[in-house]
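K.L.:
give me coordinates for this.
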Amino acid sequence: MKPQKRFIKSVVDTARKSEVSLPWTRGTRRAEFIARRMAATAAATPQPAKAS
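P.N.:
Below you'll find the predicted structure:
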C-alpha cells in the first residue's frame, strides 16, 4: 500500500471512531457552566456600601 493511501485510510478510520461534541449539542452543559462562572464572579465582587 502506498504511503498516501495508508494515510487516507488511517484518517478515514479515525474519523469514523471519534465522537465530537458539537456546540449545539452541548448547549445545556455550556449554559450551566456560564451561569456558575457568572455567579462566582458576582459573589467575588464587593458590593458598594449603602449610605444611611
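K.L.:
show residues contacting the helix or strand of the chain with the lowest mean pLDDT.
P.N.:
Across the helices and strands of the chain, mean pLDDT, DSSP states H and E gives its lowest value to helix 27-44, namely a mean of 87. The contact list for helix 27-44, computed with CB atoms under 8 Å, 6 or more residues apart in numbering, reads Pro23. Every C-beta, even on glycine, is put in place using the N, C-alpha and C of the backbone.
K.L.:
what distance separates that helix from the centre of its chain?
P.N.:
13 Å (CA atoms, centre = their mean, to the nearest Å).
K.L.:
what are the buried residues along it?
P.N.:
Buried positions in helix 27-44, judged by neighbour count with 16 or more other CB atoms under 10 Å: none.
K.L.:
then that helix to CSV, C-alphas only?
P.N.:
The C-alpha trace of helix 27-44 is given here as CSV (Å, rounded to 0.1, in the frame of the first residue of the first chain):
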residue,chain,number,x,y,z
GLY,A,27,-25.8,23.9,24.9
THR,A,28,-27.3,23.0,28.3
ARG,A,29,-24.0,22.0,29.8
ARG,A,30,-22.3,25.2,28.5
ALA,A,31,-25.2,27.4,29.8
GLU,A,32,-24.8,25.8,33.3
PHE,A,33,-21.1,26.4,33.2
ILE,A,34,-21.5,30.0,32.2
ALA,A,35,-24.2,30.6,34.9
ARG,A,36,-21.8,29.1,37.6
ARG,A,37,-19.0,31.3,36.4
MET,A,38,-21.2,34.4,36.5
ALA,A,39,-22.4,33.6,40.0
ALA,A,40,-18.8,33.1,41.2
THR,A,41,-17.7,36.4,39.8
ALA,A,42,-20.8,38.2,41.2
ALA,A,43,-20.0,36.7,44.7
ALA,A,44,-16.4,37.7,44.4
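K.L.:
return the per-residue confidence for Arg26.
P.N.:
Arg26 carries a pLDDT value of 77.
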